[in-house]
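Engineer: this one's structure only:
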């Protein structure tokens, strides 16, 4: 099962280091966002919108685009029209100098071709085993694969139906199909253990793209992305009660091991005398079938057709094997191994667990993320992969900021990432699409046009991270197969644990047998990183395939290691690994580790370690304490660079050996509150050292003994033996400048969001409720379960085909109420409504025409003047839909103008003109929903010619601040903001603060939802069925606060 060789890279694919490339890295080094197709892409939302979005990508410094269909897509996936859109996208990318790339599924997880695979080969559908409990023989289901006695706590011996007494409890195991789901096009996922499913997927997706695209279009593609392929049980992911188990797997199990899996299913759920062996056999076989029937064919097709394969698996689950048994090995079958890192609260310290598997962590740490990132980097090092991909930042919320993306992005780079895929850039955010895991890297976000410096910095780091070759000298064994033995699926039985609001503790509870191993292994890797120890992770399957002893060195593919480390918590080895390690120890190699009390080989008890200790003696060095083990590692393989003092945690280094004998150290300080300020002490001395600042692109000499200063969350790069011209120094004045405030002016109209409505449907008028619950009620009352297009994928137009069959009296009327105080000027007020073409819109009973309407914030939001229809007092705005159409979604509407918005007992109202702004919260000054820009104008004191403006993080809130001083424009993302000014640029200057769309787009009523985390449920779980005071809305205080 050796992975295929990576595709040969064309000459020049990795740019060389030069002043020019560091100043302006090329498209291959720049981020390639997901360009999301998620609506009906005709007219203005077709080719013109594609061009508009891609031109925006070019303008802000992105380098390419993955063409990604996603929930809400109305244009039929893989239809002739779909391929017209794809061809236009590719050709526009080529025109703009961007790199087009494909995405292999309609949404995710990969493998079902948007419903085509299960429709064509229904017998490949996913099935699962699941336990059921009962009492007495009457309740035993037909077709139970096995039965055991049950005493209420644990299973007993196997029994037959006839042995069950009337009072006897039992547990049985049955096989059932994965349930149908709107997210899976009203169908089921397929089993990726079945080669027919994979072959059909390739035929219906990859081969169709290949046939539809002209040669020059195909050859211009940068990669194809596969997203979270998995082996689901009773639900997607790992937390459900069911386990993936098809007839094919059951038959292969007996053929391979000589015993019937059905008789041992209890072992997979409960701890028994034989459970370790059964679990090992089960997950080992699942893994090998998955590699053979999915990973190899997909990579083989991509290699044969000349397109790099990238993407990621469910690496967050590690070491949980339920739906992803052994993902690290599967990364070897990706040409650009990858991961994802979603949400944006990380590395700041948090006390809650997270759906990604991130446990509570102190500031500067995310041990699980560090571990799985190192797994991907290790695969790249061992197989000579050119790039390491990360799908970044998605579901970070509308309150996440560029400072968050940079903090996380630098952490990703130092742990190996050199290809960013921002998640994501939607063509439209109309309807429930705006709740699909935001934030959005697109023009619907007010900060979008200010992303160029962020993209420049990350591109420089990616360019540097691709140079030369790695040379990590320590191999840390991966205890994945120990996870096989620990995997007690009964953890997913209903629990008495009641999660705190806004937490995901219940998910952890379903994996509790595996969490101690996860925490032990990942915490140890964090300690190694904090000590600047250079290490890779060694997967046992990869070691089997490409691991060899070479004297006192251990080779894994292209990587070479001096020491093997046995990590805390590891208690199993594969028999195939033993011979490799023994050959290494026999030829003078060393293994250091934490000695387990007992181990297993292939899940069976073994005296292997005792045998090794007798045979190899001092080649094995065991430790009780992790700190003692790390100290021994540091003494055995000294870090290439050390510091006399450093942050308490979070400082990490990525080392690259450069082709001409030079070397590079990329340092990132991920601690959000502590700086590094110490002289680097190199293991090897000699040669001039240059320091590179990836923010500015400046290069300077770094003298021996000089301290290296890295502020919290920032990065610096040291280059030795590299010849580059230094950047001319430009001394700046650091004397604090006392600025004199002149004025503050919003540059866009203010906005009142109307997010509650009264729905009349089927002759009933419902009380005011949130637009999200009204939308759900509206669709359900018209015969379609769900909440519009939220997380819904259609197959063969199955949803839009319903429109002709809705009766003329279907649909309904939505009433919004807006209060305007006396004395308010209403003439210039405008109304913005989503997709007015599917509604009849009235303002105070008068029909409103949207002919000639302008677009506002999104191609599907139209804005017209309504001042002539409004009145002081209460206003009624109605949207009537007759008949019902699946293109109708109830959402917020917006009033815009030069007015002040104030809270009331029932929400918000318009209360006169907007007053002159001063430093302070926008929300408190009548702009609670405003997320645009405000220009704060200041004057130099007459006696001062230069100075520094410093604004600490506590004194401002928003996405960024842009200095506008004469012709000078400079962006600072913070958290702390500083600018250096000269009076020669003018006596007046402006600080433009760009807001965050959290206040405009929500969620506003889900108080338990942590900051910087936004799964779709943050909106859909809101229930607002009574008047809610405006002061209770969850809104940010944006602006210059002092």
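Structural biologist: Yep, that arrived. Just so we're clear, the structure is a prediction, and the values are computed from it rather than from any experiment. Numbers count the residues shown, from 1 in each chain.
Engineer: can we go C-alpha only for contacts and neighbour counts from here?
Structural biologist: OK.
Engineer: what comes up buried for stretch 192-211?
Structural biologist: Residues of stretch 192-211 classed as buried: 192-202, 204-206, 209 (neighbour count, 16 or more other CA atoms under 10 Å).
Engineer: wait, I meant stretch 224-237
Structural biologist: 224-235, 237.
Engineer: cool, stretch 915-934 as well?
Structural biologist: 917-923, 925-934.
Engineer: And the helices in the stretch 901-1042 of the chain?
Structural biologist: Per DSSP state H, counting those that start in this stretch, the stretch 901-1042 of the chain carries helices over the ranges 998-1001, 1017-1020.
Engineer: And the last one, what does it pack against?
Structural biologist: Contact here means 3 or more CA pairs under 8 Å, 6 or more residues apart in numbering; DSSP states H and E; on that basis helix 1017-1020 packs against helix 771-781.
Engineer: can you give me how far the next helix or strand along the chain from the helix it packs on is from the chain middle?
Structural biologist: Downstream of helix 771-781, the next assigned helix or strand under DSSP states H and E is strand 812-820. Chain-centre distance of strand 812-820: 37 Å, with CA atoms, centre = their mean, to the nearest Å.
Engineer: Strands along the stretch 101-250 of the chain, start to end?
Structural biologist: 127-135, 146-150, 155-158, 169-177, 224-227, 243-244 (DSSP state E, counting those that start in this stretch).
Engineer: want to try a markdown table for the ones you listed, with mean pLDDT and distance to residue 903 as columns?
Structural biologist: Shown next, in a markdown table, are the strands of the stretch 101-250 of the chain (pLDDT from 0 to 100; distance: least, CA to CA, whole Å):
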| stretch | mean pLDDT | distance to residue 903 |
| --- | --- | --- |
| strand 127-135 | 95 | 52 |
| strand 146-150 | 95 | 59 |
| strand 155-158 | 94 | 59 |
| strand 169-177 | 95 | 51 |
| strand 224-227 | 99 | 44 |
| strand 243-244 | 97 | 51 |
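Engineer: if I look at residue 245, how far off is residue 283?
Structural biologist: 11 Å (CA to CA, to the nearest Å).
Engineer: what's the most buried one of the strands of the stretch 101-250 of the chain?
Structural biologist: Comparing those by mean neighbour count (mean count of other CA atoms under 10 Å), strand 243-244 comes out on top with a mean of 26.
Engineer: What is that strand packed up against?
Structural biologist: On a contact count with 3+ CA pairs under 8 Å, 6+ apart, strand 243-244 meets strand 127-135.
Engineer: helices or strands up against the strand it packs on?
Structural biologist: Using 3+ CA pairs under 8 Å, 6+ apart: strand 127-135 touches strand 169-177, strand 243-244.
Engineer: how about those strands, which one is nearest residue 579?
Structural biologist: Residue 579 lies closest, by CA to CA, to one member of these: strand 243-244, at 31.6 Å.
Engineer: Quick one: residues contacting residue 315.
Structural biologist: 324, 327-328, 339, 372 (CA atoms under 8 Å, 6 or more residues apart in numbering).
Engineer: typo on my end, residue 33
Structural biologist: 62, 64-66, 420-425, 441.
Engineer: at 6 Å instead, please
Structural biologist: By CA atoms under 6 Å, 6 or more residues apart in numbering, the residues touching residue 33 are 65, 421-422, 424.
Engineer: From residue 314, how far off is it?
Structural biologist: 20 Å.
Engineer: Equivalent analysis for residue 763, please.
Structural biologist: Distance, residue 763 to residue 314, using CA to CA: 47 Å.
Engineer: Between these two, which has more neighbouring residues?
Structural biologist: Neighbours per residue, other CA atoms under 10 Å: of residue 763 and residue 314, the larger number sits with residue 314, 23 against 8.
Engineer: Give me the spatial nearest neighbour of that one, chain neighbours excluded.
Structural biologist: residue 228 (5.7 Å; CA to CA, 6 or more residues apart in numbering).
Engineer: re earlier: among the contacts of residue 33, name the ones in strands.
Structural biologist: 65, 421-422 (DSSP state E).
Engineer: sorry, back to before: next, format the helices of the stretch 901-1042 of the chain as TSV and append distance to residue 719, mean pLDDT and mean neighbour count.
Structural biologist: Output for these, formatted as TSV (distance: least, CA to CA, whole Å; pLDDT from 0 to 100; neighbours: other CA atoms under 10 Å):
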stretch	distance to residue 719	mean pLDDT	mean neighbour count
helix 998-1001	41	98	22
helix 1017-1020	45	78	20
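Engineer: Of all the ones you listed, which one is nearest residue 491?
Structural biologist: helix 1017-1020 (24.5 Å).
Engineer: Now the residue nearest to residue 789 when sequence neighbours are not counted: which helix or strand?
Structural biologist: Spatial nearest neighbour of residue 789, chain neighbours left out: residue 72 (4.9 Å); criterion: CA to CA, 6+ apart. Using DSSP H and E, residue 72 is not contained in any helix or strand.
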